[in-house]
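Novice: predicted coordinates and the sequence they were generated for:
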Amino acid sequence: MKAKLIIASTLAASIYSPISSANDNWYLGALYNVQEISLHKRDFTVAGLIAGYKYNDFFALETRLAKGKSGYTSIYDNPNSPYGSYNEDIDSQLSILIKASYPVFDSVKVYALAGYSKTKLDITGLSQINDANGNITGDYPFKHSEITDGFSYGLGFNYQITEQFNVFMDYQVLPDFEPARYYSNSWQSTTIGVNYAF
């Protein structure tokens, strides 16, 4: 609930800020992201929106909200059962980041990101029911969610096309995915996107 309020207030301020101030530093953008969890090379893609406020030429506060577009799927056959399946997809992902930038050239900046990320991962599939002797007697669907949150950080660069419009690319290390105690997997993401300042 707290995360939704932060996003709503950031977006609302972005929408109404031109009315209240003629010299603000708000920006909105869109992103496309490729992610990997080290466990069996799980790959995901997400797309989302960005809302941010640039305090000066060096520091900004940024919120990213994304939705999974594709995830991991495994379908397997069993001689005693029609089939089975296992799916992992990112339901939603929220990041609140501090962005520290440094100009390299007139139109190019490098930046560092640090902040909080929260990811909801949906796991669904179809498995088998076994009797006491281990024989397959039927199938049953399953579904549950895993939520991973914590500190995230990364590096990137952006290219200023016009005074208001820029494109960017960054790499982030997300909080480790820990579906069970003492069982942790590293999680990385690579993002490309565009921002429009107003």
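Specialist: Yep, it's here.
Novice: going forward, measure contacts and count neighbours with C-alpha atoms only.
Specialist: Noted.
Novice: which residue is nearest the middle of the protein?
Specialist: In the chain, the centroid-proximal residue (Cα atoms, centre = their mean) is Q93; its distance is 4.3 Å.
Novice: quick one: neighbours of the closest residue to it other than its chain neighbours, just the number.
Specialist: Of all residues not flanking Q93 in the chain, T119 sits nearest, at 4.4 Å (Cα to Cα, 6 or more residues apart in numbering). Burial measure for T119: 22 neighbouring residues, criterion other Cα atoms under 10 Å.
Novice: what strands line up against the host helix or strand of T119, and which way round?
Specialist: Using DSSP states H and E, T119 falls within strand 108-130. Here strand 108-130 is paired, per DSSP bridges, with strand 81-103 (antiparallel), strand 136-160 (antiparallel).
Novice: among those strands, which is nearest G193?
Specialist: G193 sits nearest to strand 136-160 of all the strands paired with strand 108-130, at 9.3 Å, using Cα to Cα.
Novice: could you pull out the buried residues of the closest one?
Specialist: 136, 147-149, 151-160 (16 or more other Cα atoms under 10 Å).
Novice: and the next element down the chain from that strand?
Specialist: Next element after strand 136-160 (DSSP H and E): strand 165-180.
Novice: ok, that following strand: who's next to it in the sheet?
Specialist: The pairing partners recorded for strand 165-180 under DSSP bridges are strand 136-160 (antiparallel), strand 183-197 (antiparallel).
Novice: need the ones you listed in JSON lines (columns: mean pLDDT and distance to K54).
Specialist: Listed next are these as JSON lines, based on pLDDT from 0 to 100; distance: least, Cα to Cα, whole Å:
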{"stretch": "strand 136-160", "mean pLDDT": "88", "distance to K54": "14"}
{"stretch": "strand 183-197", "mean pLDDT": "89", "distance to K54": "9"}
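Novice: and those strands: which comes nearest K99?
Specialist: Among these, strand 136-160 sits nearest to K99 (Cα to Cα), with 9.4 Å.
Novice: one step back: quick check, the residue nearest to the centre of the chain in contact with K69.
Specialist: No: using Cα atoms under 8 Å, Q93 makes no contact with K69, being 11.7 Å away.
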